[in-house]
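Asker: can't give you the sequence, but here's the structure:
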């Protein structure tokens with residue numbers, strides 16, 4: 001049995017005893033996904049299995065004067081395993097050939113190791129711990145926090161549905177979305193306006209710990225269907241010394257929603273943007289779309305995405321199209337079909353097929369299939 005699984009099991013047993021306390025909830029999920037891909041131009045196909053286990057406890061206790069203390073401890077164990085690769089099989093077959101010189105043998109063995117590294121089991125273990133106080137003054141939290149700038153634009157659902165957050169992500173030039181060693185404050189709402197501030201100590205960017213390594217503040221307005229948000233983040237590190245700004249605007253009601261989100265830094269003056277919208281055809285069907293790119297070279301660097309989703313009781317199905325252009329010689333068309341089925345409130349399964357036709361010098365076509373099962377508690 002893998003050491004990471006053993007450690008998670010021991011931790012889970014400890015959490016069960018803790019979760020028996022008043023106002024404490026034990027929660028978690030187990031997820032397994034099978035993935036298959038075939039890239040025709042490279043004559044490469046692979047099969048893989050991903051698993052993810054999440055276990056956590058959260059709770060609160062009422063104190064005096066309307067103040068409460070809360071806590072949340074989450075343990076995540078992720079495994080990615082590719083069980084087969086055509087490239088790896090070719091490398092092994094080449095290495096098994098006889099009558100090779102010592103140099104040829106070394107080269108063949110190096111190729112095997114190179115391919116094997118791509119498909120070896122990979123585990124990612126992480127813990128997220130938050131503790132804080134809540135009252136009329138707002139909320140103060142220590143430990144793991146989503147940083148304020150990441151909340152700007154969250155009101156607009158199509159960003160997440162189409163997976164286009166990367167178009168306006170805060171990347172190398174400034175930009176953390178979350179941090180484990182942080183202090184955050186969330187103010188009460190005043191007529192739809194809310195202030196959020198955060199300080200990061202030893203951020204995940206690799207900055208050396210020397211006091212405050214990053215600051216992050218945002219102001220959001222959300223009332224009567226209208227949304228507006230502005231966030232500013234500064235990271236003090238030799239590779240990340242920059243100030244990032246994020247602006248989000250939007251409007252939504254029961255029938256439709258539309259939004260705009262942009263990101264720029266002191267070094268990237270013009271920045272990136274996304275415009276997205278969603279329209280509900282009826283209670284069970286909706287269409288959505290988005291357009292985004294870089295202001296500086298919008299004609300040669302942009303994304304377009306369109307989607308349709310239909311609900312059938314416990315099941316749903318979707319179809320999506322995406323066009324991604326990085327420059328005149330690098331562009332891709334992608335088509336996806338998929339759906340999910342809820343066996344119960346806690347257990348569901350899903351399947352997705354994606355075909356991508358990409359031109360990056362040479363023409364490359366890729367087919368991908370993903371099937372998964374998830375249960376929560």
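Answerer: Alright, I've got the coordinates. This structure is a prediction, so every number in the text was calculated from the model and none was measured.

Asker: all helices for this structure, in order.
Answerer: When assigned using DSSP state H, the helices of the chain occupy the ranges 3-18, 86-95, 102-119, 157-161.

Asker: residue 334: neighbour count?
Answerer: 17 (other CB atoms under 10 Å). Backbone N, C-alpha and C define where each C-beta goes, glycine included.

Asker: check it and give its pLDDT.
Answerer: Predicted confidence (pLDDT) for residue 334: 89.

Asker: cool, and residue 142?
Answerer: We note a pLDDT of 93 for residue 142 in this prediction.

Asker: wait, it touches residue 185, no?
Answerer: No - with contact defined as CB atoms under 8 Å, residue 142 and residue 185 do not form a contacting pair (10.5 Å).

Asker: so, low pLDDT: which residues of the stretch 201-350 of the chain?
Answerer: 202-210, 236-242, 266-270, 298, 327 (pLDDT under 70).

Asker: 50 instead?
Answerer: 203, 205-207, 238-240 (pLDDT under 50).

Asker: so which residues of it form strands?
Answerer: Per DSSP state E, counting those that start in this stretch, the stretch 201-350 of the chain has strands spanning 214-223, 226-235, 242-252, 256-265, 272-280, 285-294, 302-312, 315-327, 330-342, 347-360. These are given in chain order.

Asker: out of the ones you listed, which comes closest to residue 369?
Answerer: For residue 369, the closest of those is strand 347-360, at 5.4 Å, according to CB to CB.

Asker: quick one on the thing from earlier: just put the strands of the stretch 201-350 of the chain in JSON lines and tack on distance to residue 58.
Answerer: Converted to JSON lines, the strands of the stretch 201-350 of the chain look like this (distance: least, CB to CB, whole Å):
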{"stretch": "strand 214-223", "distance to residue 58": "23"}
{"stretch": "strand 226-235", "distance to residue 58": "26"}
{"stretch": "strand 242-252", "distance to residue 58": "28"}
{"stretch": "strand 256-265", "distance to residue 58": "30"}
{"stretch": "strand 272-280", "distance to residue 58": "31"}
{"stretch": "strand 285-294", "distance to residue 58": "32"}
{"stretch": "strand 302-312", "distance to residue 58": "30"}
{"stretch": "strand 315-327", "distance to residue 58": "29"}
{"stretch": "strand 330-342", "distance to residue 58": "24"}
{"stretch": "strand 347-360", "distance to residue 58": "21"}
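
Asker: what's the closest of the ones you listed to residue 131?
Answerer: Per CB to CB, nearest to residue 131 of these: strand 214-223, 19.2 Å.

Asker: what sits up against that closest one?
Answerer: 147-149, 151-152, 155, 176, 179, 191-200, 203, 205, 207, 227-236, 246 (CB atoms under 8 Å, 6 or more residues apart in numbering).

Asker: and with 6 Å instead?
Answerer: 147-149, 151-152, 192-200, 203, 228-235 (CB atoms under 6 Å, 6 or more residues apart in numbering).
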